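Visitor: Structure for this input, please:
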Amino acid sequence: MSRFLGVAAVQREGFAASAEKNLAQMEGFIDLIAFEYPWVDLIVFPEIAVQGLAVDLSEVAEPVPGPSTERLAQKAKEVKKWIIPGSMFEIEDDKIYNTMPVFSPDGELVTKYRKMNPFSPAEASVPGDSFQVIDIPNIGRLGLCICYDLWFPEMARTLVSMGAEVIIHPSFTPSTLKEGEILCRRAAAMFNQAYVIGTGACGFNCGFTLAGHSVIVDPEGIVLQEAGDIDAVQVEMIDLDKVTMVREVGMKGNVPMLKHLNFFAHNWPVYGNQKASSPYLNNLDSPSNVWSKLNK
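Guide: Alright, predicted model coming up:
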């Protein structure tokens, strides 16, 4: 049985300086997608889609869980979809984080990922300190990162070493970095032989033009869809069995880089002495299905 995942990536323009207005717009997108594309399992929004960008983050940050996440959880339960609302500013113990909550079709706040690499000094949030993956039952494992995170190759590689087959990457990126962001997403997909769902903001917002050009990239680094410079909803049915295949035989039947990591005696410094204990890297020399092994 193939492991299909229906994905909708929402690119948005013009975030309001109000969580109430932004949530209302997001709910409109969610309802539209649920009606038009009932086969979609997962809906992903851009970075800071909930509150927008603020000069003083303390004015918009809220607890997680809190009022906005409760509303999003209810919507996820209503439409029976996985929802990743990009990210939002979370406050805890007087610290403000750029946080990505994840909601299941049952309306559960499954996890929250705090951005580990804020774009300092422009981004005033506090770095998170833990990598996060989530499992969609009987389909596969997703790795979570936000915007600037993906510019560090170690980020995606670590998520993949934790078993991720899809990298979720919401962003709020200026247009000057558009080409760089697309390259990062394609490189992360190819080097890690994983899908990358990269959705972002577009238009003119907070004093500068945003990149847009959200992409869905396959495990060979091929762009399946690329948005333009305006609001867009990209829908794609991705097959996670393709991840297993590409990791086994390589891009176009060649270069299975991850598999080859265990073919050589030397250790890579990025892994320290932990390579053999990684649930994915420990199985790279086997043609067996990675997902079934992770759940044994």
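
Visitor: pLDDT weak spots in this structure?
Guide: Low-confidence segments of the chain (pLDDT under 70): 1, 262, 264-296.

Visitor: quick one: the strands in it?
Guide: Counting by DSSP state E, the chain has strands at residues 4-13, 42-44, 82-84, 88-92, 95-103, 109-114, 133-136, 140-144, 166-171, 195-205, 208-211, 215-217, 223-226, 232-239.

Visitor: Quick check: neighbours of the longest one in the sheet, parallel or antiparallel?
Guide: Looking at strand 195-205 with DSSP bridges, its partner strands are strand 4-13 (parallel), strand 166-171 (parallel), strand 208-211 (antiparallel), strand 215-217 (antiparallel).

Visitor: out of the strands of the chain, which comes closest to Ala54?
Guide: strand 88-92 (7.6 Å; CB to CB). C-beta: built from backbone N, CA, C; applies to glycine.

Visitor: ok, and what's touching the closest one?
Guide: Contacts to strand 88-92, defined as CB atoms under 8 Å, 6 or more residues apart in numbering, come from residues 19, 48-51, 54, 57-58, 60-64, 66, 68-69, 96-99, 101, 112, 114, 125.

Visitor: Would you mind listing which of those are buried?
Guide: Neighbour-count burial (16 or more other CB atoms under 10 Å) applied to those gives 19, 48-51, 57, 60-62, 64, 68-69, 96-99, 101, 112, 114, 125.

Visitor: If the most centrally placed residue in the chain is in a bridge, with which residues?
Guide: The chain has Ile168 as the residue nearest its centroid, 1.4 Å off, counting by CA atoms, centre = their mean. Counting by DSSP bridges, Ile168 forms beta bridges with Leu144, Ile197.

Visitor: any chance of the strands paired with strand 195-205 in TSV, plus distance to Gly86?
Guide: Formatted as TSV, the strands paired with strand 195-205 follow (distance: least, CB to CB, whole Å):
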stretch	distance to Gly86
strand 4-13	8
strand 166-171	4
strand 208-211	13
strand 215-217	15
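
Visitor: between these, which gets nearest to Thr199?
Guide: Closest to Thr199 of those, according to CB to CB: strand 4-13, at 4.0 Å.

Visitor: in that closest one, what's buried?
Guide: Quick answer for strand 4-13 (16+ other CB under 10 Å): 5-13.

Visitor: about what we covered before: residues touching the residue nearest to the centre of the chain, list them.
Guide: 44, 84, 100, 142-145, 197.

Visitor: Could you check how far it is from Val235?
Guide: Using CB to CB, to the nearest Å, we find Ile168 at a distance of 15 Å from Val235.

Visitor: To what extent is the closest residue to Leu142 other than its chain neighbours buried, counted in neighbours?
Guide: Distances taken as CB to CB, 6 or more residues apart in numbering place Val166 nearest to Leu142, at 4.7 Å, with adjacent residues excluded. For Val166, the neighbour count with other CB atoms under 10 Å is 27.

Visitor: close enough to count as contact, Val166 and Leu5?
Guide: Yes - if you go by CB atoms under 8 Å, Val166 and Leu5 touch, sitting 7.1 Å apart.

Visitor: Distance check, the residue nearest to Ala49 when sequence neighbours are not counted against Met257.
Guide: Leaving aside its sequence neighbours, Ala49 sits nearest to Gly86 (CB to CB, 6+ apart; 3.7 Å). Here Gly86 is placed at a distance of 30 Å from Met257 (CB to CB).
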